[in-house]
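A.B. asks: Give me a 3D structure for the following:
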Amino acid sequence: MTTLREIWERDGIKLGGWCTTPSSFSAEVMGRAGFDWVCVDTQHGLIGYDQMAVMLQALAITGTPAFVRVRWNEPGEIMKALDAGAQGVIVPMINSAEEARQAVGASRYPPEGYRSWGPIRAALDVPGYTPASANRRTVVAIMIETPEGVARADQILAVPGIDAVYVGPADLAVGLGLTPPADDPEHARSVEAVAAACRRHGVVAGIHCGSVEEARHWRERGFQMLNVGSDAVLLRGAARSVVQALKEEAPARPAEAAAEGV
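C.D. replies: All right, here's what the predicted structure looks like:
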């Protein structure tokens, strides 16, 4: 199984899937779709800890490394997700260097951080699991998704141990006084400012995208960690397209046809 760290050290796009539905089967389906990684979203998804754990097991069956987006920048949330077997965490709403240090510290064992020892599932099938190897293996992505975070991007990314920035475009839009999804020059400039800061600090730039076209747009501007939609969004979109297509093409009903003499 390719690890998340190995994917992070490769050149090119790191294409991810996203799970908001509390279902191990949904996670397995997403894991078998061919994504480089899949994120189990416990922040805005409907997923609690018990569902998260079995979803990580389902993703392991598929050989797909997993992120967990934790609910908040809270050490216990981060450590619990990593102990359950997530190979990386996505930590929301980072607005300062101090908040970034807190996220990194909770993700790594001493001396690089203050993660508590208890890798209940994380150490399974990982020969020679040690604090040092775990620190090396874990990928930390922090979210910059407010005007304050954008303004302090260079300070935030100067914190050692950050592997990626994952932009939350919807929250950034709300912070700018816009209604998501935003198609606004100021919003675009803010997103591009994060990408530029990532380049200066040698950090992978990531962003949540609403469509394939949007993902292509940001890929051309230097973003490498890309995701389009989620399991729930993809299911809803595919279901709607079937309903709309067949209802638009529906033939006349038998009674209507008889009345027309057909």
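A.B. asks: mind checking the SS state of I7?
C.D. replies: helix (DSSP: H, G, I helix; E, B strand; the rest coil).
A.B. asks: Can you give me every residue that contacts it?
C.D. replies: Neighbouring residues of I7 by CB atoms under 8 Å, 6 or more residues apart in numbering: K14, D36, W37, P65. Backbone N, C-alpha and C define where each C-beta goes, glycine included.
A.B. asks: could you dump the residues you listed to CSV with neighbour count, distance to V104 and pLDDT?
C.D. replies: Below are those laid out as CSV (neighbours: other CB atoms under 10 Å; distance: CB to CB, whole Å; pLDDT from 0 to 100):
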residue, neighbour count, distance to V104, pLDDT
K14, 20, 19, 98
D36, 19, 22, 98
W37, 24, 19, 98
P65, 28, 19, 98
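A.B. asks: Farthest pair within those?
C.D. replies: Farthest pair in those (CB to CB) is K14 and P65. Separation: 10.2 Å.
A.B. asks: Which residues are in contact with each of the two?
C.D. replies: Common neighbours of K14 and P65, counting by CB under 8 Å, 6+ apart, are I7, D36, W37.
A.B. asks: and which of those is nearest to V150?
C.D. replies: W37 (24.8 Å).
A.B. asks: Quick check, the closest one in contact with A66.
C.D. replies: Yes - the pair W37 / A66 is scored as a contact, 6.7 Å apart, by CB atoms under 8 Å.
A.B. asks: what sits in contact with each of these two?
C.D. replies: Taking CB under 8 Å, 6+ apart as the contact rule, the neighbours common to W37 and A66 are L4, G88.
A.B. asks: picking that back up, so which of the contacts of I7 are in helices?
C.D. replies: Using DSSP state H, no member of those sits in helices.
A.B. asks: In space, what's closest to V159 - neighbours in sequence excluded?
C.D. replies: Leaving aside its chain neighbours, V159 sits nearest to A100 (4.2 Å; criterion: CB to CB, 6 or more residues apart in numbering).
A.B. asks: Could I get the contacting residues of that neighbour?
C.D. replies: So A100 contacts I94, I142, I156, L157, V159, I162 (CB under 8 Å, 6+ apart).
A.B. asks: Swap in 10 Å and give it another go.
C.D. replies: Residues near A100 by CB atoms under 10 Å, 6 or more residues apart in numbering: 73, 91, 94, 140, 142, 144, 149, 152, 155-162, 165.
A.B. asks: Then E99?
C.D. replies: N73, V91, M93, I142, G149, R152, I156, V159.
A.B. asks: per-residue confidence at it?
C.D. replies: Looking at E99, its pLDDT stands at 98.
A.B. asks: same question, E256
C.D. replies: For E256, the model assigns a pLDDT of 52.
A.B. asks: can you confirm A33 is in a strand?
C.D. replies: No - assigned with three-state DSSP, A33 falls outside any strand and is coil.
A.B. asks: Pull the number of nearby residues for the residue nearest to it when sequence neighbours are not counted.
C.D. replies: Distances taken as CB to CB, 6+ apart put G17 closest to A33, at 6.1 Å, once the chain neighbours are dropped. Here the number of neighbours of G17 (other CB atoms under 10 Å) works out to 27.
A.B. asks: Read off the pLDDT value for G17.
C.D. replies: 98.
A.B. asks: sec struct for it, please.
C.D. replies: Of the three states, G17 takes strand under three-state DSSP.
A.B. asks: circling back: now, of the contacts of E99, which are buried?
C.D. replies: Using 16 or more other CB atoms under 10 Å as the burial test, these include N73, V91, M93, I142, G149, R152, I156, V159 as buried.
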